[in-house]
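K.L.:
3D, please:
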Amino acid sequence: MIVCLESSELSDVVFFNCIAKKEICGETSERCNHYRALIESWPASKQSIAFFWPVPWGKAIKLNEVILTNNLKFSSRIAGNDMEFSAKVALARPKISVFSEDVYVCYESVGSLTGTLSAEKALDRLKANINRNRLYYSNNVDFVHYNYCGRFFLKAMPSIVQKREFSVVWDAIKNFFISLRMNFLSK
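P.N.:
As a prediction, this is how the structure comes out:
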């Protein structure tokens, strides 16, 4: 039985509980614990759940009311595009509801995009995080954690040099100061 914590008929985005398993052995993974906590804290999380749910799974989004109306699209990159897209969905300020029962199984695998981090993927994640922070900053979102992107920046350096994308270095420096300021203000 699925228990709806708020009527989904009027909702533009519905978040639902997930369980996570390790793909190799089938054991329980902690990958979706953060998302389960957001649903368990409903309705206290009502204003922030969309901002704290960067993954594409565990939610259903109305095509016309959210995606087409706001002209939302995934960025064309190999990693981080889902997190940036989720930020755009959150900024659309959709009507939200949640389901408390498990509807989706998320598998954690060693060789996945999330499980591995090459220089090229780190560069894409760096750009996506910088764009997400820029979107939140320009829309005065002060209650989320702004990502400093240090790990992605360091891992992406070979790709930055090889592709001569030195403007990303400047963007990362600006992002660091925006993140520092906004994380300090949100305390």
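K.L.:
among the helices and strands of this structure, which has the poorest mean pLDDT?
P.N.:
Between all helices and strands in the chain, the lowest mean by mean pLDDT, DSSP states H and E belongs to strand 96-108, at a mean of 90.
K.L.:
immediately after that one, which helix or strand?
P.N.:
With elements assigned by DSSP states H and E, the helix or strand that comes after strand 96-108 is helix 119-138.
K.L.:
Report the next helix or strand after that next one in sequence order.
P.N.:
Scanning onward from helix 119-138 (DSSP H and E), the first element met is helix 150-163.
K.L.:
Can you tell me what sits against that following helix?
P.N.:
117-120, 122-123, 125-126, 129, 165-166, 168-169, 172, 176 (C-beta atoms under 8 Å, 6 or more residues apart in numbering). (Each C-beta comes from the backbone N, C-alpha and C, glycine too.)
K.L.:
Same question for that helix: list its buried residues.
P.N.:
152, 153, 155, 156, 159, 160 (16 or more other C-beta atoms under 10 Å).
K.L.:
Report pLDDT for the fifth one.
P.N.:
Looking at residue 159, its pLDDT is 93.
K.L.:
tell me the domain ranges of the protein?
P.N.:
Split into domains by automatic domain parsing, the chain comes to 10-114, 117-187.
K.L.:
Spatially central residue in this structure, please.
P.N.:
Closest to where the C-alpha atoms of the chain average out (C-alpha atoms, centre = their mean) is residue 54, at 1.6 Å.
K.L.:
Not counting residues beside it along the chain, what's closest to that one?
P.N.:
residue 83 (4.0 Å; C-beta to C-beta, 6 or more residues apart in numbering).
K.L.:
what residues are up against that neighbour?
P.N.:
Contacts of residue 83 by C-beta under 8 Å, 6+ apart are 54, 55, 128, 129, 132.
K.L.:
does the last one really touch residue 82, like I thought?
P.N.:
Going back to what we said before, that points to residue 132. No. Assessed by C-beta atoms under 8 Å, residue 132 is found out of contact with residue 82, at 10.8 Å.
K.L.:
thinking again about what came up before, for the least confident helix or strand of the chain, what is the distance to the chain centroid?
P.N.:
15 Å (C-alpha atoms, centre = their mean, to the nearest Å).
K.L.:
do the same with stretch 66-82
P.N.:
12 Å.
K.L.:
what comes up buried for it?
P.N.:
Of the residues in stretch 66-82, 66, 67, 72, 77, 79, 80, 81, 82 count as buried by neighbour count, 16+ other C-beta under 10 Å.
K.L.:
From residue 124, how far off is the fourth one?
P.N.:
Computed as C-beta to C-beta, to the nearest Å, the residue 77 to residue 124 distance reads 4 Å.
K.L.:
hang on, the earlier thing: show the buried residues in the contacts of helix 150-163.
P.N.:
119, 120, 122, 123, 125, 126, 129, 168, 172, 176.
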